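Participant: Below is the sequence, then the predicted model.
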Amino acid sequence: MPRDPLIGLVGKPSSGKSTTLNRFTTIDPQRAIGYLQISCACARYNLSDKCKPNYGSCVDGKRSVPIELLDVAGLVPGAHEGKGLGNKFLDDLRHADALVHVVDVSGTTDAEGKATRGYDPAQDIVWLRSEIVSWIEGNLLEKWGSIKRRHVATKANPVETLQNQFSGYGSTPTTVARALDRLKLKEPLEAWSNETISTVVQTFTDEKFPTVFALNKIDHPDADKNISKIAKMQDPQSIVLCSAISEVFLRKLAKQGFVRYTEGSEFVDTREDLVEMGEVDGGGLKEMDEKLKSRIENLKDMVLYRFGSTGVVQVLSRAAELLGLVPVFPVKSISGFGAGSGSNAVFRDCVLVKKGTTVKECGRKVMGDAPLAYVEEAGGIRVSEDEVVEVGKHDVDIIVQSGPIETPVPRGQKGDSEQTMEVISNVMFVHVVSLPN
Ligand SMILES: Nc1nc2c(ncn2[C@@H]2O[C@H](COP(=O)(O)OP(=O)(O)OP(=O)(O)O)[C@@H](O)[C@H]2O)c(=O)[nH]1
Ligand SMILES: [Mg+2]
């Protein structure tokens, strides 16, 4: 199962991380698989009948690609100094490509997750980011003296120097370069003040961990005023309103045969609703008692009719949108798009890469450390390996060297001076991620 991208669920205790995770297909208490719907490469080539994904599914060119979610538990104010589960949390975090900050907007839990009333959840957004920033900044400042000396001595550029420090957070040179581009700093790295370093770390954090705010517990009567406050502070694109508990409840009732529920939608039908709509047997649904009926009515009023859905499905698609994920279809052979293993199934694999990923980084992801020789597109036209992969633009062959890079040839012996090149993978880039709903 391809590991990336990984979406990390963060948030203080009792904000609803586990409840949100449970909405997806759980692998263990900490991890789950969600599915993102994209349009598949098979649609572009009219090969939908032969499309057999190794993971997920593909129906009429609509492909569900697995994406992993990780519950990063135990974050409280002071975590970077070892409070709560401390650095354990931060170690989990480094694998995440994007974060979903699950915020309890009911205001019924304080910063430590203890029961209270009237807490302002806008504070959580502030302290959580600052925990991550302080963690990275602390690690950097601790070694800054020697980092600076080495930087000067080796005449490195700032991207190289910072990437050396940030690779442990799952950073790539592109991430670092983007952060520095945004800042347009004039002073050389060795002259940076602590304030500049702090700004660099903050910008890097925002680049490395794009964050969706899942404003959870919208079913609670106190949620409204807190939502409006947060909505004024944050980019509306980064906010999703949700009620994880409602989603879990509806799915449970659907499974038990009490309601018909279209996941991610506002539609919930009971037996009576279906009879009214003309299905004589009420869709085969079971009769509910009064208590259950009133809970459903309440959920419709408080969540579904007001907000359009429970919002949980949108959390994942919004995170994918933020990352600007590009689906890449590694195939062994460009003629037929198969896996090269004898079967005639096409486009068996699909990996999702982040926006800004270069052809070279993409190649690494697909082929590991095989030394990349050159990249070309149809007709043998060379493509720069530093080009940023774009949807629909890159149908390329990545050619790697299959032999050692330089084989010394003993004198007097006829050497095979030609490098053997092998097409390991045709990497194809098709349409952008579209919303599941
Ligand atoms: N009203 C309401 N309660 C919720 C919602 N989601 C979760 N809860 C409740 O909030 C409490 C905490 O939920 P969890 O999912 O365990 O929270 P968590 O973030 O995993 O907490 P930790 O594992 O302690 O970090 C539970 O009692 C849930 O039932 C929601 O959408 N609405
Ligand atoms: Mg939990």
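Facilitator: Done, it's in. Numbers count the residues shown, from 1 in each chain. Ligands and ions are numbered 1, 2, ... in the order given.
Participant: Please count neighbours and contacts with C-alpha atoms only from this point.
Facilitator: OK.
Participant: low-scoring stretches of the stretch 1-150 of the chain, by residue?
Facilitator: Within the stretch 1-150 of the chain, the stretches with pLDDT under 70 are 1-3, 85-86.
Participant: and residue 351, what does it touch?
Facilitator: Listed by C-alpha atoms under 8 Å, 6 or more residues apart in numbering, the contact set of residue 351 reads 2, 4, 327-330.
Participant: Put together CSV for the residues you listed, with distance to residue 56 on each row.
Facilitator: Below are these laid out as CSV (distance: C-alpha to C-alpha, whole Å):
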residue, distance to residue 56
2, 11
4, 14
327, 13
328, 15
329, 14
330, 15
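Participant: Buried members of those residues into PyMOL, please.
Facilitator: Selection of buried members from these for PyMOL, criterion 16 or more other C-alpha atoms under 10 Å:
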select buried, resi 4+327+328+329+330
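Participant: Helices along the stretch 201-350 of the chain, start to end?
Facilitator: Counting by DSSP state H, counting those that start in this stretch, one finds helices in the stretch 201-350 of the chain at the ranges 223-233, 244-255, 271-276, 290-299, 305-307, 312-323.
Participant: of the contacts of residue 351, list those near ligand 1.
Facilitator: When these are checked against ligand 1 using C-alpha under 6 Å from any ligand atom, none falls in range.
Participant: In terms of distance to ligand 1, which of the contacts of residue 351 ranks first?
Facilitator: When the contacts of residue 351 are compared for distance to ligand 1 (C-alpha to the nearest ligand atom), residue 4 wins out at 22.4 Å.
Participant: close to ligand 1, is stretch 126-144?
Facilitator: No. Using C-alpha under 6 Å from any ligand atom, stretch 126-144 never reaches ligand 1; the gap is at least 13.3 Å.
Participant: Check what contacts stretch 242-250 and list those residues.
Facilitator: Residues outside stretch 242-250 that contact it (C-alpha under 8 Å, 6+ apart): 16, 19-20, 22-23, 214-219, 259, 261, 299, 303, 309-312.
Participant: Any buried residues in the longest helix seen in the chain, and which?
Facilitator: Secondary structure of the chain per DSSP state H: the longest helix is helix 122-142. By 16+ other C-alpha under 10 Å, the buried positions in helix 122-142 come out as 122, 124-125, 128-138, 140.
Participant: in the stretch 1-150 of the chain, which spans are helices?
Facilitator: 17-21, 41-44, 87-93, 122-142, 144-153.
Participant: got a list of what the residue of the stretch 51-200 of the chain found nearest ligand 1 touches?
Facilitator: In the stretch 51-200 of the chain, the residue that lies nearest ligand 1 is residue 73 (4.7 Å; C-alpha to the nearest ligand atom). Applying C-alpha under 8 Å, 6+ apart to residue 73 gives the contacts 10-13, 17, 89.
Participant: from those residues, which are also near ligand 1?
Facilitator: On the criterion C-alpha under 6 Å from any ligand atom, 12-13, 17 are the entries of those that sit beside ligand 1.
Participant: What is the neighbour count of residue 234?
Facilitator: Neighbour count for residue 234, taken as other C-alpha atoms under 10 Å: 13.
Participant: Residue 24 now?
Facilitator: 18.
Participant: rewinding a little: can you put the contacts of residue 73 in a markdown table and add distance to residue 32 and neighbour count?
Facilitator: Converted to a markdown table, the contacts of residue 73 look like this (distance: C-alpha to C-alpha, whole Å; neighbours: other C-alpha atoms under 10 Å):
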| residue | distance to residue 32 | neighbour count |
| --- | --- | --- |
| 10 | 14 | 26 |
| 11 | 17 | 28 |
| 12 | 19 | 25 |
| 13 | 19 | 22 |
| 17 | 12 | 27 |
| 89 | 17 | 20 |
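Participant: Kindly provide the distance from residue 305 to ligand 1.
Facilitator: As defined by C-alpha to the nearest ligand atom, to the nearest Å, residue 305 lies at a distance of 15 Å from ligand 1.
Participant: Now that residue. Nearest residue, chain neighbours left out?
Facilitator: residue 266 (6.9 Å; C-alpha to C-alpha, 6 or more residues apart in numbering).
Participant: Next: residue 158.
Facilitator: Nearest non-adjacent residue to residue 158, counting by C-alpha to C-alpha, 6+ apart: residue 189, 6.4 Å away.
Participant: so who does the closest residue in space to residue 105 that isn't next to it in sequence touch?
Facilitator: Computed as C-alpha to C-alpha, 6+ apart, the closest residue to residue 105 that is not its neighbour in sequence is residue 223, at 5.2 Å. Listed by C-alpha under 8 Å, 6+ apart, the contact set of residue 223 reads 105-107, 217.
Participant: By mean pLDDT, show me the worst of the helices of the stretch 201-350 of the chain.
Facilitator: Sorting the helices of the stretch 201-350 of the chain by mean pLDDT places helix 312-323 lowest, at a mean of 88.
Participant: mind checking how far residue 132 is from residue 76?
Facilitator: Applying C-alpha to C-alpha, to the nearest Å, the value for residue 132 to residue 76 is 11 Å.
Participant: Please apply the same query to residue 177.
Facilitator: For residue 177, the distance to residue 76 - C-alpha to C-alpha - is 31 Å.
Participant: These two - which one has more neighbours?
Facilitator: Taking neighbours as other C-alpha under 10 Å, residue 177 and residue 76 compare with residue 76 leading, 23 against 17.
Participant: these two touch, right, that one and residue 110?
Facilitator: No. Residue 76 is beyond contact range of residue 110, at 10.2 Å (criterion: C-alpha atoms under 8 Å).
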